[in-house]
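**Q** Would you be able to build a 3D model of this:
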Amino acid sequence: MRFAFALTASLLLTACDNQDAKIIRQVPGTWKETFPGGVIFTRTMSFGGGFIQSIGQSNFLAFASQGTWFVTNGELIITFTNGEGTDRNGVRFFDPMVSAERYRIIHVDSHQLVGERDGHTNFLTR
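**A** Numbering: from 1, shown residues only. Next comes the predicted model:
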C-alpha cells in the first residue's frame, strides 16, 4: 500500500514538473493585450525570470513596472519590484511597489497565453 501511494505521489509530482517545464519554456517573450479605447498592455518576460511591462496608448505611456516571475504547480507568479508612471495632469510619479499576482495557466503556446486570476481570464498574444 505504501509503495502504491509513493508511486502515485511520484507520478503526480513528475506530471506537475513537466507541466511547469512546458510553461517555463513558452512564457519568455513579449505578450500584449489591447483594450477598448486603444489602451495597450505589454509584458516582456525574460528567460532569466525578470520582466518589464507597460500600459498606455500608442502616444502616451501611463505606467511601467518591472519585477520577477516564476512558475510553480501550473501557476505563473509575478512579483512587482517597482514602477513609474504619469498621472492625468502629466506629472511623473514613482511607485516602489512590492506585490505579487498569481495566474493559473489555462493555456500557453507560441502565440497565446491564457491565465485566470481572481475569477477573471486574461488573454495575451504575441
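**Q** Which residue is the nearest non-sequential neighbour of Asn122?
**A** Closest residue to Asn122 apart from its sequence neighbours, by Cβ to Cβ, 6 or more residues apart in numbering: Gly115 at 5.3 Å. Yep, even glycine has a C-beta here, placed from its N, CA and C like the rest.
**Q** What of Phe94?
**A** Spatial nearest neighbour of Phe94, chain neighbours left out: Glu84 (4.8 Å); criterion: Cβ to Cβ, 6+ apart.
**Q** ok, that neighbour - contacts?
**A** Counting by Cβ atoms under 8 Å, 6 or more residues apart in numbering, Glu84 touches Phe63, Ala64, Ser65, Arg92, Phe93, Phe94, Asp95.
**Q** Over to Gln66?
**A** So Gln66 contacts Gly50, Phe51, Ile52, Gln53, Phe80, Thr81, Asn82, Gly83 (Cβ under 8 Å, 6+ apart).
**Q** what's near enough to touch the third one?
**A** With contacts taken as Cβ under 8 Å, 6+ apart, Ile52 has the following neighbours: Arg43, Thr44, Ala64, Ser65, Gln66.
**Q** Report the rounded mean pLDDT for stretch 99-110.
**A** Mean pLDDT, computed over stretch 99-110, is 95.
**Q** Equivalent analysis for stretch 62-71, please.
**A** Mean predicted confidence for stretch 62-71 is 94.
**Q** Would you check the distance separating that stretch from the middle of the chain?
**A** 8 Å (Cα atoms, centre = their mean, to the nearest Å).
**Q** Please apply the same query to stretch 114-122.
**A** Offset of stretch 114-122 from its chain centre (Cα atoms, centre = their mean): 11 Å.
**Q** mind saving the C-alpha coords of that stretch as PDB?
**A** The C-alpha trace of stretch 114-122 is given here as PDB (Å, rounded to 0.1, in the frame of the first residue of the first chain):
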ATOM      1  CA  VAL A 114      -4.300  32.400 -21.100                       C
ATOM      2  CA  GLY A 115      -4.400  32.800 -17.400                       C
ATOM      3  CA  GLU A 116      -7.000  33.200 -14.700                       C
ATOM      4  CA  ARG A 117      -6.700  35.500 -11.700                       C
ATOM      5  CA  ASP A 118      -9.400  36.300  -9.200                       C
ATOM      6  CA  GLY A 119     -12.100  34.900 -11.400                       C
ATOM      7  CA  HIS A 120     -11.000  36.900 -14.500                       C
ATOM      8  CA  THR A 121      -9.500  35.300 -17.500                       C
ATOM      9  CA  ASN A 122      -6.700  37.200 -19.300                       C
END
